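[1] Can you look at this prediction? I've put the sequence above it.
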Amino acid sequence: MENVVLIIHLILSLGLVGIVLVQRSEGGGLGMGGGGGGNMSGRPPASPMAKFTWILAVGFIITSVTLTIIAAQNASGSSVVDRLGVTPSQAGAEAPALPGVDDLLPPSEGENAPLVPSAD
């Protein structure tokens, strides 16, 4: 079921990208482009291509929500660690120890020599 919805989702997304790229730009996007052009009426009636764009967009949103619901049902009660099959005791035993600050400092004159010379 998930694969069928995913294939429909991909087809809708490709169709939506294609139909948007084919449409003519009407300007006015982000406040740029031509003005009213003397057209006193409101918006012109939607073209068939604009209606088809809306249909693809609604289908895309529906398949997106459906895929989210399916993924949530498949993942309920499990975590990534459960899927890997690693128990917490194994994970702690395999982790390497991190070096301390003393291990990162270069050795001084003596092994137990102070880091800051005394003012004596």
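    The structure has been received and is ready for your questions.

[2] for the lengthiest helix in the chain, which positions count as buried?
    Counting residues, the longest helix found in the chain (DSSP state H) is helix 48-75. With burial defined by 16 or more other CB atoms under 10 Å, the residues of helix 48-75 counted as buried are T53, L56, G59, F60, T63, T66. Backbone N, C-alpha and C define where each C-beta goes, glycine included.

[3] which strands and helices sit next to it?
    helix 2-22 (3 or more CB pairs under 8 Å, 6 or more residues apart in numbering; DSSP states H and E).

[4] and the angle for the helix it packs on with helix 48-75?
    Compare the direction of helix 2-22 with that of helix 48-75 by axes from the mean of the first three to the mean of the last three CA atoms, to 10 degrees and you get 150 degrees.

[5] Looking at the buried residues of helix 48-75, point me to the pair that's furthest apart.
    T53 and T66 (20.3 Å; CB to CB).

[6] how close does L56 sit to V4?
    18 Å (CB to CB, to the nearest Å).

[7] Kindly report the same for I69.
    Distance from I69 to V4, by CB to CB: 14 Å.

[8] now swap in M49 and tell me
    27 Å.

[9] got it, and T66?
    10 Å.

[10] Rounded mean pLDDT for stretch 65-73, please.
    For stretch 65-73, the mean per-residue pLDDT is 92.

[11] Check the contact between T63 and I11; I expect there is one.
    No - with contact defined as CB atoms under 8 Å, T63 does not count as touching I11 (9.4 Å).

[12] Which parts of whichever helix or strand comes after the longest helix of the chain count as buried, going by neighbours?
    Next helix or strand after helix 48-75 toward the C-terminus (DSSP states H and E): helix 80-84. Within helix 80-84, no residue qualifies as buried by neighbour count (16+ other CB under 10 Å).

[13] give me the low-pLDDT residue ranges for this protein?
    The chain contains residues with pLDDT under 70 at 26-43, 78, 83, 85-120.

[14] Can you give me the distance of the residue nearest to I19 when sequence neighbours are not counted to I69?
    Computed as CB to CB, 6 or more residues apart in numbering, the closest residue to I19 that is not its neighbour in sequence is T53, at 5.2 Å. T53 is 25 Å from I69, where distance means CB to CB.
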